[in-house]
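Engineer: quick one: sequence plus predicted model below, questions after.
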Amino acid sequence: MRISLATPMQEIGTLAAALGSVPVAKGVPPVKIGGMATHTKELKAGDAFVALRGARRNGKDFVLEALARGAVAVLT
């Protein structure tokens, strides 16, 4: 599933705070997020990849592929 945002979302730090978590890396420059995708085949450059655990596969196994496809953030 992919969610396209009409306007780029706030910085990743704001997104992480809204989700009740914190960014993994400190001092990361501001990043705008154009959408969110749970499948690498639907991901577009500028999206955040949401690595969900499924019945057969774990989204964490696809993080490198998501980054290669242009993901600007990964949520695990």
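Structural biologist: Sure thing, it's come through.

Engineer: which residues of the protein score low on pLDDT?
Structural biologist: 1, 3-28 (pLDDT under 70).

Engineer: can you show me the strands along it?
Structural biologist: Counting by DSSP state E, the chain has strands at residues 2-9, 33-37, 47-50, 73-75.

Engineer: helices and strands around the shortest one, which ones?
Structural biologist: Going back to what we said before, that points to strand 73-75. Judged by 3 or more C-beta pairs under 8 Å, 6 or more residues apart in numbering; DSSP states H and E, the packing partners of strand 73-75 are strand 47-50, helix 63-68. Backbone N, C-alpha and C define where each C-beta goes, glycine included.

Engineer: winner for burial among these?
Structural biologist: Sort the helices and strands packed on strand 73-75 by mean neighbour count, taking mean count of other C-beta atoms under 10 Å, and strand 47-50 sits at the top with a mean of 23.

Engineer: which other residues reach that one?
Structural biologist: Strand 47-50 is contacted from outside by 2, 12, 15, 33-38, 40, 43, 59, 62-63, 66-67, 70-75, using C-beta atoms under 8 Å, 6 or more residues apart in numbering.

Engineer: the same query, at a cut-off of 6 Å, please.
Structural biologist: Contacts with strand 47-50, where a contact means C-beta atoms under 6 Å, 6 or more residues apart in numbering, come from 33-38, 43, 66, 71, 73-75.

Engineer: do stretch 67-75 as well
Structural biologist: By C-beta under 6 Å, 6+ apart, the residues outside stretch 67-75 that reach it are 12, 31, 40, 43, 45-50, 63.

Engineer: now do the same end-to-end measure for that stretch.
Structural biologist: Stretch 67-75 stretches 12 Å from its first residue to its last (C-alpha to C-alpha, to the nearest Å).
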